[in-house]
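**Student:** missing the sequence, but the structure's below:
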(Lines give C-alpha, C1' and ligand atoms only; values in the text may rest on other atoms or scores of the structure.)
Protein backbone atom coordinates (compact mmCIF):
# COMPACT_ATOMS: atom_id res chain seq x y z
CA UNK A 1 0.00 0.00 0.00
CA UNK A 2 1.23 3.52 -0.76
CA UNK A 3 0.59 6.66 1.26
CA UNK A 4 0.86 10.39 0.68
CA UNK A 5 2.74 11.81 3.63
CA UNK A 6 3.45 15.41 4.57
CA UNK A 7 6.60 15.63 6.66
CA UNK A 8 8.19 18.34 8.77
CA UNK A 9 11.78 17.74 9.79
CA UNK A 10 12.96 18.85 13.22
CA UNK A 11 16.67 18.31 13.75
CA UNK A 12 17.67 18.00 17.42
CA UNK A 13 20.42 20.33 18.59
CA UNK A 14 23.79 18.63 18.47
CA UNK A 15 22.96 16.27 15.58
CA UNK A 16 26.09 15.78 13.43
CA UNK A 17 25.90 17.38 9.97
CA UNK A 18 26.77 14.02 8.35
CA UNK A 19 23.75 12.35 9.98
CA UNK A 20 21.46 15.14 8.77
CA UNK A 21 22.91 14.88 5.24
CA UNK A 22 22.35 11.10 5.15
CA UNK A 23 18.72 11.43 6.25
CA UNK A 24 18.06 14.20 3.75
CA UNK A 25 19.59 12.13 0.94
CA UNK A 26 17.35 9.16 1.77
CA UNK A 27 14.27 11.39 1.94
CA UNK A 28 15.13 13.07 -1.35
CA UNK A 29 15.68 9.73 -3.06
CA UNK A 30 12.15 8.62 -2.11
CA UNK A 31 10.45 11.87 -3.12
CA UNK A 32 12.39 13.01 -6.19
CA UNK A 33 10.03 11.33 -8.67
CA UNK A 34 7.12 13.39 -7.35
CA UNK A 35 9.11 16.59 -6.97
CA UNK A 36 10.44 16.48 -10.52
CA UNK A 37 7.37 15.40 -12.43
CA UNK A 38 4.52 17.80 -12.18
CA UNK A 39 1.47 18.05 -9.99
CA UNK A 40 -0.74 16.05 -7.68
CA UNK A 41 -4.51 16.13 -7.85
CA UNK A 42 -7.04 14.99 -5.33
CA UNK A 43 -10.40 14.16 -6.90
CA UNK A 44 -13.65 13.75 -5.04
CA UNK A 45 -16.46 12.42 -7.22
CA UNK A 46 -20.09 13.32 -6.65
CA UNK A 47 -22.55 12.03 -9.25
CA UNK A 48 -25.43 14.49 -9.44
CA UNK A 49 -28.71 13.30 -7.95
CA UNK A 50 -31.14 12.02 -10.53
CA UNK A 51 -28.43 10.92 -12.94
CA UNK A 52 -29.56 7.66 -14.60
CA UNK A 53 -27.33 4.73 -13.68
CA UNK A 54 -26.57 4.04 -17.34
CA UNK A 55 -25.31 7.62 -17.83
CA UNK A 56 -23.13 7.35 -14.70
CA UNK A 57 -21.73 3.98 -15.80
CA UNK A 58 -21.01 5.22 -19.33
CA UNK A 59 -19.32 8.37 -18.04
CA UNK A 60 -17.18 6.37 -15.62
CA UNK A 61 -16.18 4.02 -18.46
CA UNK A 62 -15.27 7.04 -20.62
CA UNK A 63 -13.18 8.37 -17.74
CA UNK A 64 -11.20 5.11 -17.63
CA UNK A 65 -10.54 5.34 -21.38
CA UNK A 66 -9.46 8.97 -21.05
CA UNK A 67 -7.10 8.08 -18.18
CA UNK A 68 -5.46 5.37 -20.29
CA UNK A 69 -5.06 7.80 -23.19
CA UNK A 70 -3.56 10.49 -20.95
CA UNK A 71 -1.18 7.92 -19.46
CA UNK A 72 -0.14 6.92 -22.98
CA UNK A 73 0.59 10.58 -23.75
CA UNK A 74 2.77 10.85 -20.64
CA UNK A 75 0.41 13.15 -18.72
CA UNK A 76 -1.01 10.73 -16.13
CA UNK A 77 1.85 9.06 -14.30
CA UNK A 78 0.10 7.38 -11.36
CA UNK A 79 -3.41 7.08 -9.96
CA UNK A 80 -4.45 5.90 -6.48
CA UNK A 81 -7.75 5.54 -4.60
CA UNK A 82 -7.82 7.52 -1.37
CA UNK A 83 -9.92 4.94 0.46
CA UNK A 84 -11.08 1.47 -0.49
CA UNK A 85 -14.34 1.88 -2.33
CA UNK A 86 -14.50 5.61 -1.62
CA UNK A 87 -15.20 8.39 -4.12
CA UNK A 88 -11.73 9.92 -3.93
CA UNK A 89 -8.57 9.51 -5.97
CA UNK A 90 -5.07 10.93 -6.01
CA UNK A 91 -3.28 11.46 -9.32
CA UNK A 92 0.29 12.31 -10.27
CA UNK A 93 0.41 14.24 -13.53
CA UNK A 94 2.87 15.95 -15.86
CA UNK A 95 2.15 19.14 -17.82
CA UNK A 96 4.23 21.87 -19.45
CA UNK A 97 2.44 24.68 -17.62
CA UNK A 98 -0.72 25.66 -15.76
CA UNK A 99 -2.74 26.12 -18.96
CA UNK A 100 -1.94 22.61 -20.17
CA UNK A 101 -2.64 21.24 -16.68
CA UNK A 102 -6.09 22.84 -16.68
CA UNK A 103 -6.85 21.63 -20.22
CA UNK A 104 -5.89 18.08 -19.23
CA UNK A 105 -8.15 18.13 -16.18
CA UNK A 106 -11.08 19.68 -18.06
CA UNK A 107 -10.77 16.98 -20.73
CA UNK A 108 -11.74 14.32 -18.19
CA UNK A 109 -15.32 13.07 -18.74
CA UNK A 110 -16.05 13.20 -14.98
CA UNK A 111 -14.56 16.70 -14.51
CA UNK A 112 -17.92 18.42 -14.03
CA UNK A 113 -18.82 15.89 -11.32
CA UNK A 114 -15.56 16.25 -9.39
CA UNK A 115 -14.06 18.55 -6.85
CA UNK A 116 -10.41 18.81 -7.88
CA UNK A 117 -7.64 20.04 -5.63
CA UNK A 118 -4.31 20.59 -7.40
CA UNK A 119 -0.91 20.77 -5.72
CA UNK A 120 1.96 21.94 -7.92
CA UNK A 121 5.24 20.19 -7.16
CA UNK A 122 8.63 21.84 -7.17
CA UNK A 123 12.10 20.49 -6.67
CA UNK A 124 13.23 20.04 -3.10
CA UNK A 125 16.51 21.81 -2.30
CA UNK A 126 17.96 18.51 -1.04
CA UNK A 127 16.99 16.57 -4.17
CA UNK A 128 20.18 14.73 -5.20
CA UNK A 129 19.18 14.62 -8.87
CA UNK A 130 20.72 17.55 -10.78
CA UNK A 131 18.18 20.06 -12.11
CA UNK A 132 17.63 20.02 -15.85
CA UNK A 133 16.86 23.20 -17.69
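**Tutor:** Done, it's in. Note that this is a predicted model, so its numbers are computed, not measured.
**Student:** give me the element the closest residue to residue 59 other than its chain neighbours is part of.
**Tutor:** Computed as CB to CB, 6 or more residues apart in numbering, the closest residue to residue 59 that is not its neighbour in sequence is residue 109, at 5.2 Å. For every residue, glycine as well, the C-beta is placed using N, CA and C. Counting by DSSP states H and E, residue 109 is held by no secondary-structure element, helix or strand.
**Student:** name the helices or strands packed onto the helix or strand harbouring residue 103?
**Tutor:** Assigned by DSSP H and E, residue 103 belongs to helix 98-106. Applying 3 or more CB pairs under 8 Å, 6 or more residues apart in numbering; DSSP states H and E, we find helix 98-106 packed against strand 114-120.
**Student:** isn't residue 105 right up against residue 116?
**Tutor:** Yes: taking CB atoms under 8 Å as the definition, residue 105 is a contact partner of residue 116 at 5.9 Å.
**Student:** list residues touching both of these two?
**Tutor:** Common neighbours of residue 105 and residue 116 (criterion: CB atoms under 8 Å, 6 or more residues apart in numbering): residue 41.
**Student:** Let me see the mean pLDDT of the helix holding residue 103.
**Tutor:** In this model, helix 98-106 has a mean pLDDT of 88.
**Student:** next one: stretch 60-68
**Tutor:** What stretch 60-68 shows for mean pLDDT is 95.
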